[in-house]
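1. got a predicted structure plus its sequence, pasted below:
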Amino acid sequence: MDRKLHILVVEDEAAIREGLADVLVYHGYAVELADTGTEGLAKALTGKYDLVLLDIMLPGIDGFRICDRIREQDREQPIIMLTARSSDEDIVEGLKLGADDYVAKPFSVQQLVLRIEAVLRRSRAGLERTRTILLEGVSIDTENLSGLGPAGDLTFTRREIEILAYLASHPDRPVPRDELLVKVWGYARNLDIETRTVDIHIAKLRRKIEADPAEPRNLVTVRGAGYRLQLAEP
Ligand code: CA
């Protein structure tokens, strides 16, 4: 690679900021730091970063507003929000404002680096989605809304394909139902009745892509965390 990828870290807590800088430099990224929202926004709006790691609670301008302002200017800028653990509201708000992903504090270095790599990979691939999703015993053609599964030919609705494509682009972690509602359905907020909608779609998908829908192996439930798509080994 002829050029290091540049990451902007916007974080007011010095220990976390410096820790992130060390980890990212160690993994081969060029890092720039901002310790207030004001400075972070000004730097982010220069548009010269491959990715912005954005804390939410910041002096000056908070991470949500920064995310919103970046999106006004640049819809493609990769952004990962740093959220407090178990703060679902923060996660939903961040994703609604257009963050590509989030990492909950306290995070493991490995998790963080995997998320960064995944977001950068997706952004380099542009908005073009994977044409074919391969699972154990199943291949899915996302453009033709069709596939081949345990029981033969499959057809999918556009919504079902969007769910599969979103899960397939986050293979390293379970995706909570709230997140699917925001990213696939475009809902601004989770309501219980809408969460059931997700479950109904997942059940329909399992009848198509699982040899035994009662014992799913491709589209698995991670208890208390969400759904994860088990991609076939390439
Ligand atoms: Ca903070």
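-> Looks like it came in fine.

2. tell me the pLDDT at the residue in the chain positioned nearest to the ion?
-> Nearest to the ion, among the residues of the chain, is residue 57, at 4.0 Å (C-beta to the ion). Backbone N, C-alpha and C define where each C-beta goes, glycine included. In this model, residue 57 is scored at 91, pLDDT.

3. I'd guessed it sits against residue 63; true?
-> Yes. Using C-beta atoms under 8 Å, residue 57 is in contact with residue 63, at 7.3 Å.

4. which one's more surrounded, the two?
-> Shown here are residue 57 and residue 63; by other C-beta atoms under 10 Å, residue 63 has more neighbours (28 against 15).

5. now for that one: which residues touch it?
-> Residues near residue 63 by C-beta atoms under 8 Å, 6 or more residues apart in numbering: 10, 37, 54-57, 81-82, 94.

6. in TSV: these, plus distance to residue 29 and secondary structure.
-> As requested, the contacts of residue 63 are exported to TSV (distance: C-beta to C-beta, whole Å; DSSP: H, G, I helix; E, B strand; the rest coil):
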residue	distance to residue 29	secondary structure
10	15	strand
37	22	helix
54	16	strand
55	17	strand
56	22	coil
57	24	coil
81	18	strand
82	16	strand
94	21	helix
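
7. any of these buried? List them.
-> 10, 37, 54-56, 81-82, 94 (16 or more other C-beta atoms under 10 Å).

8. return the member of the residues you listed nearest to residue 186.
-> residue 94 (15.1 Å; C-beta to C-beta).

9. just the element for residue 153, please.
-> Per DSSP states H and E: residue 153 is located in strand 152-155.

10. can you list the strands that that strand pairs with?
-> strand 146-149 (antiparallel) (DSSP bridges).

11. and the helix-or-strand element of the chain with minimal mean pLDDT, C-alpha only, in CSV?
-> Ranking every helix and strand in the chain by mean pLDDT, DSSP states H and E puts helix 88-96 at the bottom, with a mean of 77. What follows is helix 88-96, C-alpha atoms only, in CSV (Å, rounded to 0.1, in the frame of the first residue of the first chain):
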residue,chain,number,x,y,z
ASP,A,88,-29.1,1.4,23.1
GLU,A,89,-30.5,4.9,22.7
ASP,A,90,-27.1,6.2,21.9
ILE,A,91,-26.5,3.5,19.4
VAL,A,92,-29.8,4.0,17.6
GLU,A,93,-29.3,7.8,17.6
GLY,A,94,-25.8,7.4,16.2
LEU,A,95,-26.9,5.0,13.4
LYS,A,96,-29.9,7.2,12.6
